[in-house]
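**Q** Generate a structure from the sequence data that follows.
(2 chains)
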Protein chains: 2
Amino acid sequence: MKICIVGLGLIGGSLAKAIKKNTDNMVFGIDLNKTSVESAIAQEAIDAELDEKELDSCDMVILGLYPQTTIDYINKHKSGFRKGCIVIDTCGIKTAVVEAAEKAFAGTGVNFLGCHPMAGREFWGFAYSVDNLFEKASFIMTPTENTPKEVVDKVSAFAKEIGFARCVISTPQEHDEVIAFTSQLAHVVSSAYIKSPSLLKQSGFSAGSFKDLTRVAKLNEDMWTSLFLLNREPLLNEIEHIISSLSDYRDAIKADDADRLHTLLKEGRELKELSTQNDVKK
Amino acid sequence: MKICIVGLGLIGGSLAKAIKKNTDNMVFGIDLNKTSVESAIAQEAIDAELDEKELDSCDMVILGLYPQTTIDYINKHKSGFRKGCIVIDTCGIKTAVVEAAEKAFAGTGVNFLGCHPMAGREFWGFAYSVDNLFEKASFIMTPTENTPKEVVDKVSAFAKEIGFARCVISTPQEHDEVIAFTSQLAHVVSSAYIKSPSLLKQSGFSAGSFKDLTRVAKLNEDMWTSLFLLNREPLLNEIEHIISSLSDYRDAIKADDADRLHTLLKEGRELKELSTQNDVKK
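**A** Here you go, the predicted structure:
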């Protein structure tokens, strides 16, 4: 296959390296940042830069761009891909991207499949890309009734080949609801947590729990602003839920109600154990 | 020194093992749970069980008990220690314990020092104790105007000797305020986080951020109920603060206000970077 990766950041760059490491496919790259392109060539993550006019020479195009940029890129270049080409994105939200892509590609013969490689780092840019970022990661695909089954099969086999631990099929809506909880809420809570006035007194008083709760506060605010605003309803539901849940603990503590507080904590422990067991089983 | 550890749970048991590994002190143990005592002897974590009537033979007594149990134990046995004996506790809150202990020991010649070994696991009981639990941990001490300096020096040297990475001196009040943020709030948030109705759909959709945010939801609800209720005001302040902080993010998302959301996330990233730099410098 001739593959082009548009956007050689952390994810695009790591995908390029994983493809080159694990397959014999030709990999080309496009990025506005010429340093990223040069680094990708120097590190043999891509074979060469691609001229955008030659997108129609590719069998697969992977968009490693922010959500709104992905939508804009598809709308601008929708006639530039060849019939039968598989186009996948890598955004952390799916409904907005898949709807825009299916609208843009309608009648063109291009096969779009929304995808989300579930991996990341607290760093971004090609400089931090690595060929094993996806080794323990899930590769989520969100086909619709317009997606041919053979496209899903082909992309699924490709994801396994380049090193993903497993593939998960979901709908764009289900993906966005669950990701609002497992990923977006984690970033909101971590960012909100670190804003206590107690922060700068904490040195020497921190065990692992503080580090865990605040790790992802080190985020790329450009990308996450876009992700959050394109997934407003599911994320707002989760934020409202945790505020309401935190209020239960607050009320029990304020009322000095040991039984109620004990029950809240016990329920939390049991849910955590249940979710860990479910993970192990799968 | 002849040392007695009262309460051979995760912390008491790990302290016993660390003392035996790193020093030549004699270590005795007391626990209502006879299996823990037998295991501690079998694993050479203690030299023998101590009869409570012989507490007055000890140079140092370490209380590895829950907060309320620590206070009750001190009140019951306050006349059972010998003059000059050093008694330390290991509770995660200090003001309530130190006040009760100083009141109980007033005029007895017993030297009480409030201590908090900053380490833990998501397991509890002697069976999970290990001799290296404290290797990267801080040992916090909260002397008052009644604590002789030589007692602080002696306990500090002892903590270093048995493997703590560093000793921190604080006041009971400052300790409780900071710990409400770095440790107690983390446990409240983690427990509240896991209660979303989305929880049981998350398998395959979780990257590291979800695991980090919910790790400490697996907690010992007996101990944490006691810790929270003996530190109500500082913890309530922190919970109110994160609810207010989360509400800022919610409002920005609800209003579709990209600038405001971007600023909130950027501030969070910068505070995280600042707090990491401060940690590295110390």
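
**Q** How many residues are close by the closest residue to chain B within the stretch 101-250 of chain A?
**A** The nearest approach of the stretch 101-250 of chain A to chain B comes at A:S191, 3.3 Å away (CB to the nearest CB). For glycine as for every other residue, the C-beta is placed from the backbone atoms N, C-alpha and C. A:S191 has 28 neighbouring residues, counting by other CB atoms under 10 Å in any protein chain shown.

**Q** How far does the helix or strand encompassing it sit from its chain's centre?
**A** According to DSSP states H and E, A:S191 maps onto helix A:185-193. Mean-position distance between helix A:185-193 and its chain equals 17 Å (CA atoms, centre = their mean, to the nearest Å).

**Q** After that helix, which helix or strand is next?
**A** Counting by DSSP H and E, the next helix or strand C-terminal to helix A:185-193 is helix A:208-214.

**Q** Next, the buried residues of the helix or strand following that following helix.
**A** Going down the chain from helix A:208-214, the next helix or strand is helix A:221-229, by DSSP H and E. Applying a neighbour-count criterion of 16 or more other CB atoms under 10 Å in any protein chain shown, one finds A:221, A:223-229 buried in helix A:221-229.

**Q** In the stretch 51-200 of chain A, mark out all the strands, start to finish.
**A** For the stretch 51-200 of chain A, the strands defined by DSSP state E, counting those that start in this stretch cover A:60-63, A:86-89, A:111-117, A:138-142, A:166-169.

**Q** tell me the mean pLDDT for the helix holding A:S191?
**A** Mean pLDDT, helix A:185-193: 97.

**Q** That one relative to helix A:221-229, how many degrees between them?
**A** Computed by axes from the mean of the first three to the mean of the last three CA atoms, to 10 degrees, the angle separating helix A:185-193 from helix A:221-229 equals 120 degrees.

**Q** Just the residues contacting helix A:185-193, thanks.
**A** A:213-217, A:219, A:224, A:228, A:235, A:238-239, A:242, B:185-186, B:189, B:193, B:196, B:209-210, B:212-213, B:242, B:245-246, B:248-249, B:264-265, B:268-269 (CB atoms under 8 Å, 6 or more residues apart in numbering or on different chains).

**Q** ok, residues contacting stretch A:256-274?
**A** Taking CB under 8 Å, 6+ apart as the rule, stretch A:256-274 contacts A:248-249, A:251-253, B:187, B:190-192, B:194-195, B:199-200, B:214, B:217-219, B:221-222, B:224-225, B:228-229, B:232.

**Q** Kindly recompute the last result at 10 Å.
**A** A:245, A:248-249, A:251-253, A:255, B:68, B:122, B:187-188, B:190-196, B:199-200, B:214-226, B:228-229, B:232 (CB atoms under 10 Å, 6 or more residues apart in numbering or on different chains).

**Q** mind checking how far it is from the chain centre?
**A** 32 Å.

**Q** again with stretch A:271-279
**A** Distance of stretch A:271-279 from its chain centroid, counting by CA atoms, centre = their mean, is 23 Å.

**Q** Show me which positions of it end up buried.
**A** For stretch A:271-279, by 16+ other CB under 10 Å, it's A:271-272, A:275-276.

**Q** Closest one of the residues you listed to A:F139?
**A** Using CB to CB, A:S275 comes nearest to A:F139 of those, at 21.1 Å.

**Q** Now the helix or strand harbouring that closest one - C-alpha only, PDB.
**A** Secondary structure from DSSP H and E places A:S275 in helix A:258-281. Output in PDB follows, covering the C-alpha atoms of helix A:258-281 (Å, rounded to 0.1, in the frame of the first residue of the first chain):
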ATOM      1  CA  ALA A 258     -20.000   8.400  59.500                       C
ATOM      2  CA  ASP A 259     -22.400   5.800  58.300                       C
ATOM      3  CA  ARG A 260     -23.300   7.700  55.100                       C
ATOM      4  CA  LEU A 261     -19.600   8.500  54.400                       C
ATOM      5  CA  HIS A 262     -18.600   4.900  55.000                       C
ATOM      6  CA  THR A 263     -21.300   3.700  52.500                       C
ATOM      7  CA  LEU A 264     -20.200   6.200  49.900                       C
ATOM      8  CA  LEU A 265     -16.500   5.100  50.200                       C
ATOM      9  CA  LYS A 266     -17.500   1.400  50.300                       C
ATOM     10  CA  GLU A 267     -19.600   1.800  47.100                       C
ATOM     11  CA  GLY A 268     -16.700   3.500  45.400                       C
ATOM     12  CA  ARG A 269     -14.200   0.700  46.400                       C
ATOM     13  CA  GLU A 270     -16.600  -2.000  45.200                       C
ATOM     14  CA  LEU A 271     -17.200  -0.200  41.800                       C
ATOM     15  CA  LYS A 272     -13.400   0.100  41.300                       C
ATOM     16  CA  GLU A 273     -12.900  -3.600  42.100                       C
ATOM     17  CA  LEU A 274     -15.800  -4.500  39.700                       C
ATOM     18  CA  SER A 275     -14.400  -2.400  36.900                       C
ATOM     19  CA  THR A 276     -10.900  -3.900  37.400                       C
ATOM     20  CA  GLN A 277     -12.300  -7.400  37.300                       C
ATOM     21  CA  ASN A 278     -14.200  -6.700  34.100                       C
ATOM     22  CA  ASP A 279     -11.000  -5.400  32.500                       C
ATOM     23  CA  VAL A 280      -9.100  -8.500  33.500                       C
ATOM     24  CA  LYS A 281     -11.800 -10.800  32.100                       C
END
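
**Q** Report the rounded mean pLDDT for that helix.
**A** Helix A:258-281 carries an average pLDDT of 89.

**Q** can you check stretch A:217-232 too?
**A** Mean predicted confidence for stretch A:217-232 is 95.
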